[in-house]
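Engineer: Sequence first, predicted model second:
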Amino acid sequence: MNRVIDLKTMTVAYGSNPVLWNINATFKKGAMTAIIGPNGAGKSTMMKAMLNMIEPLNGSVTYYLDNEPSSYGKVKKRIAYVPQNTSVDWDFPATVLDVVVMGRYGHLGWLKRPRKADYDYAREMLVKVGMPSFANRQISQLSGGQRQRVFLARALVQDAELYLMDEPFAGVDIKTEGIIIELLKELRREGKSILVVHHDLQTVAEYFDEVVFVNREIVAAGPVAEVFTDAHIEETYRVDHNLGEEGVEDVGITL
């Protein structure tokens, strides 16, 4: 397989509480992959472990951006991350343009200030996400959908090869969702790899090439056309130990 990330026997815990057990998963290069599962299933934790934000108890995360095995530290400048909207301090005193320019810091190196070209590029990406008139707006004044678009623009200015996004469609309006998915499809056409923690099962077949079902463990993974089945959906959400049937209802599934 033309892979971009391999997870091998990875187990992750918060303190004494295991969140993910024995995760084995391979993510395909040049594809849009959805990571699906109920609340509390470990989807965001899996992504954070990939980004070296959480250290697994055991197992490994290996990158193949150059078709050779690499650690996160060797390729991190080629990876863009869009966190959950709720995990960001939106009261931080910064303008929209400031936040987008932050995506250029990996290219600038330590102690170097952004140049005019970096600000121009950031403004260009704000045009792409439909927010050029918001450049000088404080981020605390933005709606949920506008915030997601700003973070997408910040990811775009990184010129990354791999994009990891944690629920980028959560809480956004239909217009914003359309803008985001079209930009992600454009990135895929350019050969980029995109991993998305996703919650809306109704759009998986329309948006994604690959899907990974997870609930503490990997339930199933592979091409959407083969793996996104009623049986795998039922198996993934039925074993939600934290939420029971409420976890099923929250994502709009009738079992």
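Structural biologist: Done, it's in.
Engineer: In the chain, what residue spans correspond to strands?
Structural biologist: 3-14, 17-28, 32-36, 58-63, 79-82, 162-166, 193-197, 210-215, 217-223 (DSSP state E).
Engineer: In TSV: the ones you listed, plus mean pLDDT.
Structural biologist: As requested, the strands of the chain are exported to TSV (pLDDT from 0 to 100):
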stretch	mean pLDDT
strand 3-14	95
strand 17-28	94
strand 32-36	98
strand 58-63	96
strand 79-82	94
strand 162-166	96
strand 193-197	97
strand 210-215	98
strand 217-223	97
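Engineer: got CSV for those strands, with mean neighbour count and distance to residue 183 too?
Structural biologist: Using the backbone N, CA and C atoms, a C-beta is placed for each residue, glycine as well. Shown next, in CSV, are those (neighbours: other CB atoms under 10 Å; distance: least, CB to CB, whole Å):
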stretch, mean neighbour count, distance to residue 183
strand 3-14, 18, 19
strand 17-28, 17, 20
strand 32-36, 26, 11
strand 58-63, 16, 23
strand 79-82, 22, 11
strand 162-166, 23, 10
strand 193-197, 25, 10
strand 210-215, 24, 19
strand 217-223, 18, 23
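Engineer: List of residues touching the biggest helix by length in the chain?
Structural biologist: Longest helix in the chain by number of residues, with DSSP state H as the criterion: helix 174-189. Applying CB atoms under 8 Å, 6 or more residues apart in numbering, the contact partners of helix 174-189 are 30-32, 128-130, 145-146, 148-149, 152, 156, 163, 168-169, 172, 194, 196, 207, 209.
Engineer: any idea of the angle it forms with strand 193-197?
Structural biologist: Interaxial angle, helix 174-189 versus strand 193-197 (axes from the mean of the first three to the mean of the last three CA atoms, to 10 degrees): 140 degrees.
Engineer: Helix 174-189 vs strand 32-36, what angle?
Structural biologist: Here helix 174-189 points in a direction 130 degrees away from that of strand 32-36 (the same axes, to 10 degrees).
Engineer: tally of neighbours for residue 91?
Structural biologist: Residue 91 has 9 neighbouring residues, counting by other CB atoms under 10 Å.
Engineer: Show the pLDDT at it.
Structural biologist: Residue 91 carries a pLDDT score of 75 in this model.
Engineer: do the same with residue 119
Structural biologist: As predicted, residue 119 sits at a pLDDT of 94.
Engineer: In contact with it: list those residues for me.
Structural biologist: 97, 101.
Engineer: picking that back up, can you list the strands of the chain in CSV and add distance to residue 139?
Structural biologist: Compiled in CSV, those are given as follows (distance: least, CB to CB, whole Å):
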stretch, distance to residue 139
strand 3-14, 29
strand 17-28, 30
strand 32-36, 27
strand 58-63, 31
strand 79-82, 14
strand 162-166, 18
strand 193-197, 22
strand 210-215, 31
strand 217-223, 36
